[in-house]
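In: I would like to see how this sequence folds:
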Amino acid sequence: MPQFIRAAGYKIYFWSNENDEPIHFHATKGEPTKNDTKVWLLANGSLKLAHNRGRISEKDLSRIFSAMQVYYFEFIDFWKMYFSGDVKFYED
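Out: This next block holds a predicted model:
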């Protein structure tokens with residue numbers, strides 16, 4: 001489970017077996033679980049909430065989105081480095 005940063009008290013991470021999925025991250029305050037909140041990175045530089053099963057408040061989600069917007073390109077580089085390859089983006 002590669003952890004990227006902490007934002008608003010949450011771990012921002014992805015699972016190491018998810019390279020077949022479009023680029024995304026999960027957020028959790030505690031130990032990571034399959035029910036953590038998931039956010040897609042879009043090719044246009046924005047973020048999209050996939051689901052909020054972690055029940056993160058709107059205020060904290062806003063803080064997480066703001067932090068990840070700043071680190072958008074660094075996160076892509078981190079993903080590429082970890083998975084040694086190209087990045088697929090989520091498409092609506």
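
In: SS state for A27?
Out: Under the three-state scheme (DSSP: H, G, I helix; E, B strand; the rest coil), A27 adopts strand.

In: quick one: contacts for it?
Out: 7, 10-13, 36-37, 39, 54, 56, 64 (C-beta atoms under 8 Å, 6 or more residues apart in numbering). C-beta here means a position set from N, CA and C on the backbone, and glycine is covered the same way.

In: mind redoing it with 6 Å?
Out: 10, 12, 37, 64 (C-beta atoms under 6 Å, 6 or more residues apart in numbering).

In: where does pLDDT dip in this structure?
Out: Segments of the chain classed as low confidence (criterion: pLDDT under 70) are 19.

In: returning to that earlier point: tell me the one of the contacts of A27 nearest E74?
Out: Nearest to E74 among the contacts of A27 is I12, at 11.2 Å by C-beta to C-beta.

In: in strands only, show me the contacts of A27.
Out: 10, 12, 37 (DSSP state E).

In: relative to M68, which of the residues you listed is nearest.
Out: Looking across the ones in strands among the contacts of A27 and measuring by C-beta to C-beta, the closest to M68 is I12, at 6.6 Å.

In: that older thread, which one of the contacts of A27 has the most neighbours?
Out: I64 (24 neighbours; other C-beta atoms under 10 Å).

In: the residue nearest to that residue when sequence neighbours are not counted: neighbour count?
Out: Spatial nearest neighbour of I64, excluding adjacent residues (C-beta to C-beta, 6 or more residues apart in numbering): A7 at 4.9 Å. By the measure other C-beta under 10 Å, the count of residues near A7 is 19.

In: quick check: bridge partners of the spatially most central residue of the chain?
Out: Nearest to the mean C-alpha position of the chain, by C-alpha atoms, centre = their mean, lies F25 at 1.7 Å. For F25, the beta-bridge partners are V39 (DSSP bridges).
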